[in-house]
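Trainee: Here is my input; please provide its structure:
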Amino acid sequence: MKRGDLYRVYKGNKNDQKDYRLYLVVSRQDVIDNQFPTVICAPVRTKYGGLSSQVEVGIDEGLKHDCAVYCDELFSLPKFILTNYISHLPNIKMEEVNSAQRIALAV
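Mentor: Residues are numbered from 1 along each chain as shown. So this is what the prediction gives:
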C-alpha cells in the first residue's frame with residue numbers, strides 16, 4: 001500500500017448511499033508502513049463541485065469516468081478493507097491533492 005493508491009471499498013462509510021466507493025490513500029508513507037491499523041483516505045465522488053479542496057481525476061488516472069477527490073471529507077479506514085486496488089495517482093496529481101488538503105485543513 002502506498003500514498004496515492006486508489007481502492008474500491010464496500011461501505012467504507014456506513015452513512016454512504018453507495019454500496020461501493022473509491023478512496024484515495026492520503027496518509028504519509030511512514031504511517032502506512034507502520035503497524036498502525038488504519039490510514040487516512042479521501043473519498044472519490046462522481047460530482048465535481050469546483051471547490052479548491054477537490055481534485056479532478058478520471059480516465060487518465062485509470063478510472064472509468066471523470067470524478068473528483070474530496071479532500072474536505074477525510075476518513076480513517078482500516079487497512080484490511082483496502083484490498084480492491086484500482087490505480088495509483090501520478091506525482092503531478094498528488095501535488096494537486098497536497099494543495100487541496102492544505103486548503104481543506106486551512107494549514
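Trainee: Report the strands that pair with whichever strand in the chain runs longest, each with its relative direction.
Mentor: The residue-count maximum for a strand in the chain (DSSP state E) belongs to strand 38-45. Applying DSSP bridges, strand 38-45 is found paired with strand 20-25 (antiparallel), strand 67-70 (antiparallel), strand 75-78 (antiparallel).
Trainee: Rounded mean pLDDT for that strand, please.
Mentor: Average pLDDT, strand 38-45: 96.
Trainee: Dump it to PDB, keeping only the CA atoms.
Mentor: Extracted in PDB, the C-alpha atoms of strand 38-45 (Å, rounded to 0.1, in the frame of the first residue of the first chain):
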ATOM      1  CA  THR A  38      -5.800   2.500   9.800                       C
ATOM      2  CA  VAL A  39      -5.000   5.000   7.100                       C
ATOM      3  CA  ILE A  40      -6.500   8.400   6.200                       C
ATOM      4  CA  CYS A  41      -8.400   8.300   2.900                       C
ATOM      5  CA  ALA A  42     -10.200  10.800   0.800                       C
ATOM      6  CA  PRO A  43     -13.400   9.700  -1.000                       C
ATOM      7  CA  VAL A  44     -13.700  10.000  -4.700                       C
ATOM      8  CA  ARG A  45     -17.100  11.100  -5.900                       C
END
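Trainee: re earlier: select, out of the strands paired with strand 38-45, the one closest to residue 101.
Mentor: strand 67-70 (9.4 Å; C-beta to C-beta). Every C-beta, even on glycine, is put in place using the N, C-alpha and C of the backbone.
Trainee: Convert the C-alpha atoms of the closest one to PDB, please.
Mentor: What follows is strand 67-70 as a C-alpha-only set of coordinates in PDB (Å, rounded to 0.1, in the frame of the first residue of the first chain):
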ATOM      1  CA  CYS A  67     -14.800  12.400 -10.900                       C
ATOM      2  CA  ALA A  68     -13.100  14.200  -8.000                       C
ATOM      3  CA  VAL A  69     -11.200  13.600  -4.800                       C
ATOM      4  CA  TYR A  70     -12.900  15.300  -1.900                       C
END
